[in-house]
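1. just the structure for this:
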Amino acid sequence: GEWENAFQTLDDAMKLARTWGEGLFEPELYRQRGEFLFAEALGAGDPARTAPESDLAARIAEAESSIRESLRLARAQGAKMLELRSLVSLCRVRVQLGSASREREELAAAYGAFTEGFDAPDLREARVVLNTLAV
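-> Purely as a prediction, here's the structure:
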């Protein structure tokens, strides 16, 4: 719930990644930013802190934009696990916006590319999201 500190820390990390050429971490930083924006908009478990209805869609769209940038960067790097994480996050945001069918298909394709390690937390989480959206 300390959003100002969270966003400042992410901004600092993004600046350091760019300064030192550590682009490997950029997709995860953008995904985390999107996750934080999404959680902040929804009140992070405290309904009284949810963004006003007039502002909610715009704030969720900003979260989606950050996660889509994460996805773009992960794909450009060929970072399959970061791509999978980004798609899981994107599916959650799209569900809130009303439709995640295209994103679910992308997640299913990314998940299907893995041939081992299905007990890894990221793959288990992807499977849960896929099963949830299949209903």
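2. would you indicate which residues of stretch 118-129 are buried?
-> Residues of stretch 118-129 classed as buried by neighbour count (16 or more other C-beta atoms under 10 Å): 123, 126, 129. Heads up, the C-betas are built off the backbone N, CA and C, glycines and all.
3. send me the strand or helix carrying the last one as CSV with only the CA atoms.
-> Per DSSP states H and E: residue 129 is located in helix 121-134. Coordinates of each C-alpha in helix 121-134 appear next as CSV, following Å, rounded to 0.1, in the frame of the first residue of the first chain:
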residue,chain,number,x,y,z
PRO,A,121,5.8,-21.4,-9.6
ASP,A,122,5.4,-19.4,-12.8
LEU,A,123,4.1,-22.4,-14.7
ARG,A,124,1.8,-23.4,-11.9
GLU,A,125,0.4,-19.9,-11.8
ALA,A,126,-0.1,-19.8,-15.6
ARG,A,127,-1.9,-23.1,-15.4
VAL,A,128,-4.3,-21.8,-12.8
VAL,A,129,-5.0,-18.7,-14.9
LEU,A,130,-5.6,-20.8,-18.0
ASN,A,131,-7.9,-23.1,-16.1
THR,A,132,-9.8,-20.2,-14.5
LEU,A,133,-10.3,-18.5,-17.9
ALA,A,134,-11.4,-21.8,-19.5
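4. wait, residue 26 sits on residue 17?
-> Yes: in this structure residue 26 lies within contact range of residue 17 using C-beta atoms under 8 Å: 5.5 Å.
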